[in-house]
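S.K.: Okay, predicted coordinates and the sequence, questions at the end:
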Amino acid sequence: MTVTIKVQADLGPLRAMAEGFSNRRWRTTVAIALTQTAKQAQFEVIKTMRTAFDRPTPWALNSTFITPATEASQIAKVGLKARDRQVASRDTAYIYPQVFGGQRGRKAFERRLMQAGMRPNEFVVPAKDLPLDAYGNIETKLIRQILSQLKVAEDEAGYSANRTNSVRSRRTVSKAGTFFIPSRRSGLPRGVYQRRKTSFGWATRLVMAFVVGRPSYRVRLPLQNVVDQAASKHFSRQFGIALERSRAALAARNAR
């Protein structure tokens, strides 16, 4: 999704400031000012993330992009990246739920877990005592170990990441323990469990709980408001800079 920056004020008085400008030069000047304003808005969005989010990840801080304005469009945009770097939707944007609130989309590893027995109406939340990474998320290494053992990991660089009977795989399982999704007859709450050997014998613990229904989020990053405020704050200055540079370029051309 993208947030559009448009000039809300009357451009008539501003156009009068650009004496001697062709229509093309005028529209190009406005496009430059809009693009620079979008960059300022993007900076404000990232600044807001640092205070609104708890330990934002580098991916979150880099999850916005700019679409420059052009002479023809006269519109600049601030957008949210999906994991595939395309324009994002609820199910693909990394921070979409924090922007709009409501139910989050399905994560990529959840789609993999559905191949291993997670139900279509179930979603993952970390177990209560599961150690999380520095950003408050389930550790990527743990997710990879689980998907590999359940044999639903994605092939990478031409080889399978799924568990095999190789010495390496057996060594990894011995160290990390065995991960499994219990059957319906087990009586265990739904989720992914880890079974590993300890100095006191074998122990089983829940690492990922399955909950029915999409987890919901409150709005933490009002993207449209942040962008609108940044546009109101920065456009006049950016227009002045673009106008002076365009005047200088015009004067240099006329002096030849």
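M.R.: Happy to help now that I have it. Numbers count the residues shown, from 1 in each chain.

S.K.: Can you tell me the SS state at residue 65?
M.R.: strand (DSSP: H, G, I helix; E, B strand; the rest coil).

S.K.: Now it: closest residue in space, sequence neighbours ignored.
M.R.: residue 79 (5.0 Å; Cβ to Cβ, 6 or more residues apart in numbering). All C-beta spots, glycine's among them, are computed from the backbone N, C-alpha and C.

S.K.: Within its local environment, how many residues does the closest residue to residue 181 other than its chain neighbours see?
M.R.: Spatial nearest neighbour of residue 181, excluding adjacent residues (Cβ to Cβ, 6+ apart): residue 117 at 4.4 Å. If you count neighbours by other Cβ atoms under 10 Å, residue 117 ends up with 17.

S.K.: so how far is residue 233 from residue 117?
M.R.: Per Cβ to Cβ, to the nearest Å, residue 117 is found 52 Å from residue 233.

S.K.: just residue 183 next, same as before
M.R.: Taking Cβ to Cβ as the measure, residue 183 falls 58 Å from residue 233.

S.K.: same check, this time on residue 240
M.R.: The spacing between residue 240 and residue 233, counted by Cβ to Cβ, is 13 Å.

S.K.: swap in residue 54?
M.R.: Taking Cβ to Cβ, one finds residue 54 at 27 Å from residue 233.

S.K.: Comparing those two, which shows the higher neighbour count?
M.R.: Applying other Cβ under 10 Å to residue 54 and residue 233 shows that residue 233 carries more neighbours, namely 13 against 7.

S.K.: so what's the nearest residue to that one once chain neighbours are set aside up against?
M.R.: Excluding its sequence neighbours, the residue lying closest to residue 233 (Cβ to Cβ, 6+ apart) is residue 40, at 7.7 Å. Contacts of residue 40 were listed using Cβ atoms under 8 Å, 6 or more residues apart in numbering, and they are 230, 233-234, 238.

S.K.: In a markdown table: those, plus distance to residue 62 and pLDDT.
M.R.: Listed next are these as a markdown table, based on distance: Cβ to Cβ, whole Å; pLDDT from 0 to 100:
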| residue | distance to residue 62 | pLDDT |
| --- | --- | --- |
| 230 | 18 | 92 |
| 233 | 23 | 93 |
| 234 | 21 | 94 |
| 238 | 23 | 95 |
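
S.K.: Cross those against helices and list the overlap.
M.R.: 230, 233-234, 238 (DSSP state H).

S.K.: measure the nearest residue to residue 25 once chain neighbours are set aside to residue 62 for me?
M.R.: Excluding the flanking residues, the one nearest residue 25 by Cβ to Cβ, 6+ apart is residue 246, at 6.1 Å. Note on residue 246: its distance to residue 62, by Cβ to Cβ, is 32 Å.
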